[in-house]
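Peer 1: only geometry, no sequence info:
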């Protein structure tokens, strides 16, 4: 779907050295927003878009499509870029995304160590690449990648105590 000032916005993104994929993603996000506005029987004039319109769109996506928090934040960012462009070029006089904030993404709960219990099985699996098995073996002994990629690590390697036949092989 075409949306107001689409060509100008795409040109602006290009002058900001955005990649072609990024421009397409921004374009698709804004087009979807305006398609939603049409489906709702709302105005598609850029200057008439309100904060409530943007909130309704994002809420509908959460309710109907169960978008993730990351997708919500990405879409909000893309819409904010579009409306900021309109405001900075004096096409509109308001920024409908101004008071809408992204949602906090919960941090990853931690590093899993379940693979350590299956280390011998992994080390014996010829379908796992040799370098992957070597990396897992060294990590299981407490070495970081930056440590075992350093010149001279072979001295440490030769003194490493290997615990099982799988490790020794």
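Peer 2: Happy to help now that I have it. Given the structure is predicted, the values throughout are model-derived calculations rather than measurements. Numbers count the residues shown, from 1 in each chain.
Peer 1: roughly how far apart are the residue most central in space within the chain and residue 112?
Peer 2: Nearest residue to the geometric centre of the chain (CA atoms, centre = their mean): residue 70, 6.6 Å. Distance, residue 70 to residue 112, using CB to CB, to the nearest Å: 20 Å. Any C-beta I mention is one placed from the backbone N, CA and C, and that applies to glycine too.
Peer 1: Next, the distance between the ends of stretch 45-52.
Peer 2: 15 Å (CA to CA, to the nearest Å).
Peer 1: try stretch 82-96
Peer 2: With CA to CA, one end of stretch 82-96 sits 10 Å from the other.
Peer 1: try stretch 144-158
Peer 2: 17 Å.
Peer 1: tell me which residues of it are tucked away?
Peer 2: residue 148 (16 or more other CB atoms under 10 Å).
Peer 1: Likewise for stretch 123-135?
Peer 2: 123, 133.
Peer 1: Over to stretch 86-101?
Peer 2: Those would be 86, 87, 92, 95, 96, 97, for stretch 86-101 by 16+ other CB under 10 Å.
Peer 1: where along the chain do the helices fall?
Peer 2: Taking DSSP state H as the test, the helices found in the chain are 6-15, 20-39, 51-65, 69-88, 114-117, 119-124, 130-140, 145-148, 153-158, 165-168.
Peer 1: will you turn those into CSV that also has distance to residue 103?
Peer 2: Output for these, formatted as CSV (distance: least, CB to CB, whole Å):
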stretch, distance to residue 103
helix 6-15, 25
helix 20-39, 16
helix 51-65, 10
helix 69-88, 5
helix 114-117, 29
helix 119-124, 37
helix 130-140, 34
helix 145-148, 33
helix 153-158, 44
helix 165-168, 45
